[in-house]
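**Student:** Pasting a predicted model and its sequence here:
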Amino acid sequence: DSQSMTQAVLELASQLQNKIKTLTVDHGKEFANYQAIEQLTGTQVYFAHAYSPHERGSNENRNRVLRRFIPKGQAIEELSDRQLVQINWYLNSRPLKCLNWRTPIEIFLLNLRH
C-alpha cells in the first residue's frame with residue numbers, strides 16, 4: 001500500500017543520508033504519496049509512461065534476469081530470506097553496459113562516498 005511504500009522509502013533515504021537523487025516508478029497506487037517522498041527527502045520522483053518499457057531499460061533488463069529465479073506467477077513469499085539475499089547479490093554484482101561495465105554495487109558505494 002501507499003503508506004507502507006512511503007515509509008520504506010523514507011527509512012531508506014534516512015539510512016542513506018538523503019543521497020537518493022531520483023526515483024523512477026510506475027503509476028502503481030503504492031506511489032500515491034510520492035509528494036511526501038519528494039518534500040521530506042529532496043528526491044525527485046519520475047513516473048514512467050505506461051507501455052513505454054524503453055524509458056526503464058535497465059529496469060526491464062533486471063526484471064528479465066530476475067525471472068530466471070522467480071518465474072512470473074510464483075509468489076515471492078515462497079522464497080527464503082537467504083534465497084532473496086542471493087538473488088539480490090547476483091543482480092547487483094553483475095556488470096552493466098549502462099554503468100560502463102561496472103556493477104551496481106560499485107556505483108552505489110562510489111556515490112555513497114560523495
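**Tutor:** Cool, got the structure.
**Student:** count of neighbours near Ile70?
**Tutor:** Residues near Ile70, counting by other Cβ atoms under 10 Å, number 16. In this view, the C-beta of every residue, glycine as well, is placed from N, C-alpha and C.
**Student:** ok, then the element right after the least confident helix or strand in the chain by mean pLDDT?
**Tutor:** Least confident element among the helices and strands of the chain, by mean pLDDT, DSSP states H and E: helix 57-69 (a mean of 85). Where DSSP states H and E defines the elements, the next helix or strand beyond helix 57-69 is helix 81-92.
**Student:** For Gly28, see how far away the residue lying farthest from the centre of the chain is.
**Tutor:** Ranked by distance from the centre of the chain (Cα atoms, centre = their mean), the top residue is Glu78, with 20.7 Å. Applying Cβ to Cβ, to the nearest Å, the value for Glu78 to Gly28 is 22 Å.
**Student:** tell me the secondary structure for Leu23?
**Tutor:** Three-state call for Leu23 (DSSP: H, G, I helix; E, B strand; the rest coil): strand.
**Student:** Just give the closest residue to it, not the sequence neighbours.
**Tutor:** Val45 (4.9 Å; Cβ to Cβ, 6 or more residues apart in numbering).
**Student:** would you say that neighbour is within a strand?
**Tutor:** Yes. With three-state DSSP as the criterion, Val45 is located in a strand.
**Student:** Compute the number of surrounding residues for it.
**Tutor:** Around Val45 there are 18 residues (other Cβ under 10 Å).
**Student:** what does Val9 give?
**Tutor:** 23.
**Student:** just Ile107 next, same as before
**Tutor:** 15.
**Student:** Now do the same contact list for it.
**Tutor:** By Cβ atoms under 8 Å, 6 or more residues apart in numbering, the contact list for Ile107 reads Leu99.
**Student:** ok, now how distant is it from Thr24?
**Tutor:** Taking Cβ to Cβ, one finds Ile107 at 16 Å from Thr24.
**Student:** And Phe47, by the same measure?
**Tutor:** 8 Å.
**Student:** In contact with Pro104, which residues are there?
**Tutor:** Contacts of Pro104 by Cβ under 8 Å, 6+ apart are 91-94, 96.
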